[in-house]
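Asker: Structure for the following, please:
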Amino acid sequence: MMQQIANFIVDHDPMMVLRRTYDTVRYIRWTWNKDHAHPIDEEELHLFLCDEHYGDLTDEQRAVARRCRDGMRSVYAELCMRLLQSEIMLEQGMVPDSSAYRRVFCPEGGDAPWMIDQAG
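Answerer: Presented below is the predicted three-dimensional model:
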């Protein structure tokens, strides 16, 4: 349920959609290109991401694009949830600052969720 709400928030913010799409294309290209001699065509990839009936990609490229696209949607949903959680906890005085929030809720990454600093 929470992931659906986070995806709804991202899907209805034009700048978040743009950023997620940009990041998704970069992630798909990187994933494909690291294991294949011939790079994936970026224009065809854009067409495919807009509508899976378009874009002249191979079946293998389509499978990679779907997997990576779905992965990025999950990442953005998680990011959205963490940003909302940190903002609410800061507003309610539950944590004194974003560094304390990271120490409690993001110990595995240390300063990895750097965007939390920009949210507040």
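Asker: looking at the chain, which helix or strand is least sure?
Answerer: Least confident helix or strand of the chain, by mean pLDDT, DSSP states H and E, is helix 115-119 with a mean of 43.
Asker: how about the residue most central in space within the chain, what does it touch?
Answerer: With distances taken as C-alpha atoms, centre = their mean, the residue of the chain nearest its centroid is Y76 (3.4 Å). With contacts defined as C-beta atoms under 8 Å, 6 or more residues apart in numbering, Y76 is in contact with 6-7, 10, 16, 20, 23. All C-beta atoms are positioned from the backbone trio N, CA, C, and that covers glycine.
Asker: Drop anything exposed from these.
Answerer: With neighbours counted by 16 or more other C-beta atoms under 10 Å, these contain buried members at 6-7, 10, 20.
Asker: And the residue at the greatest distance from the centre of the chain, how far from D70?
Answerer: In the chain, the residue that sits farthest from the middle, by C-alpha atoms, centre = their mean, is G93; the gap is 28.0 Å. Separation of G93 from D70 (C-beta to C-beta, to the nearest Å): 37 Å.
Asker: Just confirm L47 contacts H53, I think it does.
Answerer: No: counting by C-beta atoms under 8 Å, L47 does not reach H53; the two are 9.2 Å apart.
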